[in-house]
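*Asks:* Any chance you could fold what I've pasted below:
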Amino acid sequence: MEAYLYEPLADKKVKCNLCSHRCVIKAGRRGKCGVRENQAGGLQTLVYDKVIAQHVDPIEKKPLFHFLPGTLSYSIATVGCNFRCRFCQNADIAQMPTDHKGMILGDTVTPQEIVAAADKSGCRSISYTYTEPTVFFELAHDTAKIAHERGIRNVFVTNGYMTAEALEMIVPYLDAANVVLKAFRDRYYKDLCGARLEHVQDTLQHMKALGIFVEVTTLIVTGLNDDSAELKELAAFIANDLGTDTPWHISRFHPTYKLTDLAATPVKTLTAAREIGLAAGLKYVYTGNVPGNAAENTFCPGCGEMVIERWGFQVGNMRIKDGRCTLCGSGIDGVWQ
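*Replies:* The predicted structure follows:
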């Protein structure tokens, strides 16, 4: 299928304007994502009908804690990614084209079939997740449009590297996003991910301006992005540029893929990072990958009482009605219906 958002150049080259790499691709070559190919001067997506993963997940798994909590989300992905994270948790599919000489696998599934499956499964939303939805943008866009028409919400779980053009094209159908803000140092992005920090910041600010509901996740990797000064700057960016009502998920690193020589993040490091977020004025700061930790729960910013109880991806007691704490009446930020 012909790709969206590209421009032809001289000598049968093309420029892809889907993500912030803005790859200039020669005929017969692919972009950094490994799934968009210049075929005789026209850019083609190689994954429009190649779905590698389809699952029914709790929305909390994305993680989204303030968007339709306790509901199910039909979750899909294709292979490919525009980042090269050394700690990629889904490298077997995200890095497949890069690590296996351009290999692309997946089942033939249409946007109509995805939406039908989501509806049949009782899912309130469809999540474009596991890899990077930007690289399967055409499939995500066309599916999201149909889902929107049928009253099913749409969610991106993303590294935040899409261009303004891509974001403005998807925004009529995109309800929420969890954006992974991996660190707050450009060197980290360059060395560990093959990207640049400023583009992710731009996307986050643009999403908020467009009215997309946003939650942020940061994976804390021991010795690489756990410095308190960096975390204070990151938390201040969320509070000042995105708003103190933006939920921040601080997630625990486990050794994987090409970063196996580091230990799992100590829980005390996550706790310290959470305290930094709260001190910055953020109302909702969570620790992830630590089931049973009290910081999985949502607490009312007014009275301080627990209003959503969680264990891992499971939701227990909820004390929110019409977006307000049932104990004190304070507003709890989120999308509840």
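
*Asks:* list the buried ones in stretch 37-47?
*Replies:* Glu37, Asn38, Leu43, Gln44, Thr45, Leu46, Val47 (16 or more other CB atoms under 10 Å). Any C-beta I mention is one placed from the backbone N, CA and C, and that applies to glycine too.

*Asks:* Any chance of TSV for these, columns secondary structure?
*Replies:* Shown next, in TSV, are those (DSSP: H, G, I helix; E, B strand; the rest coil):
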residue	secondary structure
Glu37	strand
Asn38	strand
Leu43	strand
Gln44	strand
Thr45	strand
Leu46	coil
Val47	coil
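
*Asks:* For Thr71, state which of those is nearest.
*Replies:* Proximity of the buried residues of stretch 37-47 to Thr71 (CB to CB) peaks at Val47, which lies at 27.2 Å.

*Asks:* Can you tell me how far the closest one is from Ile104?
*Replies:* According to CB to CB, to the nearest Å, Val47 and Ile104 sit 6 Å apart.

*Asks:* Can you name the residues bridging to Cys16?
*Replies:* Per DSSP bridges, the residues bridged to Cys16 are Tyr6.

*Asks:* wait, what's in contact with it?
*Replies:* Going by CB atoms under 8 Å, 6 or more residues apart in numbering, Cys16 touches Ala3, Leu5, Tyr6, Arg22, Cys23, Ile25, Gly31, Arg36, Leu43.

*Asks:* From Arg274, how far off is it?
*Replies:* From Cys16 across to Arg274, the span is 38 Å (CB to CB).

*Asks:* Taking the buried residues of stretch 37-47 together, which two end up most distant?
*Replies:* Asn38 and Val47 (15.3 Å).

*Asks:* Any idea how far apart the tips of stretch 174-192 sit?
*Replies:* Length of stretch 174-192, first residue to last, CA to CA, to the nearest Å: 29 Å.

*Asks:* Could I get the average pLDDT for stretch 157-166?
*Replies:* In this model, stretch 157-166 has an average pLDDT of 98.

*Asks:* Show me the shaky parts of the stretch 151-300 of the chain.
*Replies:* The model of the stretch 151-300 of the chain has no residue with pLDDT under 70.

*Asks:* circling back to that earlier point, got any residues that touch both of Val47 and Ile104?
*Replies:* Joint contacts of Val47 and Ile104 (CB under 8 Å, 6+ apart) are Val35, Val79, Gly80.

*Asks:* Which of these fall within helices?
*Replies:* Members of those lying in helices (criterion: DSSP state H): none.

*Asks:* Name the nearest residue to Tyr286, sequence neighbours excluded.
*Replies:* Nearest non-adjacent residue to Tyr286, counting by CB to CB, 6 or more residues apart in numbering: His249, 4.9 Å away.

*Asks:* ugh, wrong one, Tyr74
*Replies:* Ala118 (3.5 Å).

*Asks:* what about that neighbour, is that helix, strand or coil?
*Replies:* Here Ala118 is recorded as helix under three-state DSSP.

*Asks:* Does Glu305 touch Cys325 like I think?
*Replies:* Yes: using CB atoms under 8 Å, Glu305 is in contact with Cys325, at 7.2 Å.

*Asks:* These two: which has the busier surroundings?
*Replies:* More neighbours surround Cys325 than the other of Glu305 and Cys325, with 22 against 13 (other CB atoms under 10 Å).

*Asks:* Return the helix or strand containing Val157 as PDB; C-alpha atoms alone will do.
*Replies:* Using DSSP states H and E, Val157 sits within strand 153-158. Below are the C-alpha coordinates for strand 153-158, written out as PDB (Å, rounded to 0.1, in the frame of the first residue of the first chain):
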ATOM      1  CA  ARG A 153     -11.900   4.900  21.600                       C
ATOM      2  CA  ASN A 154      -8.300   4.900  20.300                       C
ATOM      3  CA  VAL A 155      -5.100   4.800  22.200                       C
ATOM      4  CA  PHE A 156      -1.400   5.200  21.100                       C
ATOM      5  CA  VAL A 157       1.300   3.800  23.300                       C
ATOM      6  CA  THR A 158       4.200   5.600  21.700                       C
END
